[in-house]
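Trainee: Provided below for reference: sequence and predicted model.
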Amino acid sequence: MKLRKNKLVAGVDQTVDLLVRITPPELPPADRPRLNFAIVLDRSGSMEGNKIMHAREAARYCINELLPNDRISLVIFDDKIDVLIKNQNASNKQDLISRLERITARGSTALHEGWVKGGMEVSSGLVTDGINRVLLITDGLANVGITSTDEIVSQARGLSERGVSTSTVGIGSDFNEELLIPMAIGAGGNGWHVESSDDLRHIFEVELKGLIAQVASAVSMGVIPADGVRVVDVLNDFELGETGRYSLPNLQAGSPLDIIVQLHVPAQSAGTKLRLADVKVGYTPQGATSAEVEKNFLELEYASAEEVERLPVDKDVVSANELLMNARARKEA
């Protein structure tokens, strides 16, 4: 935990950027978690042509990358739902891949029912010491069955609480961003958007590598400011729960997570030391059933403006602030 400068300017109220960096340990290859992966693929009429072809190629890549003791299932949907591959070990890859050629585009979009079926398949082969994930891929809007965003997001969050997370991939410009992104966030997964179906294989590659490297889930952060200090903003735009804790993404081995917490700090005289805030990070290690908590705090001294001006600027804090502010600007645009 650190600020741009390692001292505070005396005599003035100020807003400062607190960098909280979470650095998960590297994961030895032998400790790679087992995967239980369901692909839920939209095969409605709008997927005809390159979209369905690239989706088949991406699914083929996924199957080839799995280990024999990983589990895989494949659900396809339009206005009807078909389980093309029931939840099973990924041992007979040639047979699994041959079933992909049966996928053709047709019909409407029963998104909710297709996703529910994928969740049921993953749940039927739940891997208690591994990672259970549904990957939902669609290019359009839910227009058959349950279509309420609030209801679907609530169900996705409930499935995540039972150990099965969901990632979503929206293809093109017409997908329902208002549904798929909140659905992924609430379900502990990733929300992807690709303009072209050509990018699907890359998304599968990133998603699989992220799952393989996962070392902790159910990650949350609590910020307890000192008396007179208040939290102005968290630039990462994490969801804030009812308990006042921020929901963080799952942690991946060797991939630091930078968080910028903006704090309003009261004026104090030079020489005063202030414990700005305590930060608590809770998480469940991969393969564990109980959560762990890491605690840290930052205490800094006030000094004259001239002294603070002469101090070096921490480049990590500046860089993290710029990246997050740019990301927020793109999202707002």
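Mentor: Yes, it's here.

Trainee: Quickly find the element holding the residue nearest to Arg201 when sequence neighbours are not counted.
Mentor: Nearest residue to Arg201, sequence neighbours excluded (CB to CB, 6 or more residues apart in numbering): Ala58, at 4.7 Å. In short, each C-beta sits where N, CA and C put it, glycine included. Following DSSP states H and E, one finds Ala58 within helix 50-65.

Trainee: all helices of this structure, in order?
Mentor: 50-65, 93-100, 111-124, 149-161, 177-186, 200-212, 305-310, 315-332 (DSSP state H).

Trainee: Pick the most buried one from those helices.
Mentor: Highest mean neighbour count among the helices of the chain (mean count of other CB atoms under 10 Å): helix 111-124, with a mean of 23.

Trainee: on contacts alone, who are the packing partners of that one?
Mentor: strand 35-42, strand 71-77, strand 81-89, strand 131-138, helix 149-161 (3 or more CB pairs under 8 Å, 6 or more residues apart in numbering; DSSP states H and E).

Trainee: Tell me which residues touch Val164, please.
Mentor: Listed by CB atoms under 8 Å, 6 or more residues apart in numbering, the contact set of Val164 reads Gly119, Val122, Ser123, Leu126, Asn132, Arg133, Val134.

Trainee: Mind doing that once more with 7 Å?
Mentor: By CB atoms under 7 Å, 6 or more residues apart in numbering, the contact list for Val164 reads Gly119, Val122, Ser123, Asn132, Val134.

Trainee: Report the separation between the first one and Pro256.
Mentor: If I follow you right, that is Gly119. 31 Å (CB to CB, to the nearest Å).

Trainee: Now tell me what touches stretch 239-254 from outside.
Mentor: By CB under 7 Å, 6+ apart, stretch 239-254 touches 22, 24-27, 185, 188, 210, 213-217, 219-222, 234, 238, 257, 283.

Trainee: Mind doing that once more with 6 Å?
Mentor: Residues outside stretch 239-254 that contact it (CB atoms under 6 Å, 6 or more residues apart in numbering): 24, 26-27, 210, 213-217, 219-222, 238.

Trainee: now stretch 119-131
Mentor: 33-36, 38, 71, 73, 87, 132, 134, 159, 164, 211, 214, 287.

Trainee: let's see it at 7 Å
Mentor: With CB under 7 Å, 6+ apart, stretch 119-131 has contacts from 33-36, 38, 71, 73, 75, 83, 86-87, 132, 134, 159, 163-164, 211, 214, 287.

Trainee: thinking again about what came up before, save the helices of the chain as CSV, and put in mean pLDDT and distance to Gly170 too.
Mentor: Formatted as CSV, the helices of the chain follow (pLDDT from 0 to 100; distance: least, CB to CB, whole Å):
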stretch, mean pLDDT, distance to Gly170
helix 50-65, 86, 12
helix 93-100, 87, 21
helix 111-124, 93, 11
helix 149-161, 90, 14
helix 177-186, 87, 5
helix 200-212, 84, 10
helix 305-310, 96, 46
helix 315-332, 88, 15
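
Trainee: For Arg230, find the nearest of those helices.
Mentor: helix 315-332 (18.7 Å; CB to CB).

Trainee: The closest one versus helix 177-186: what angle between them?
Mentor: If you take axes from the mean of the first three to the mean of the last three CA atoms, to 10 degrees, helix 315-332 sits at 140 degrees to helix 177-186.
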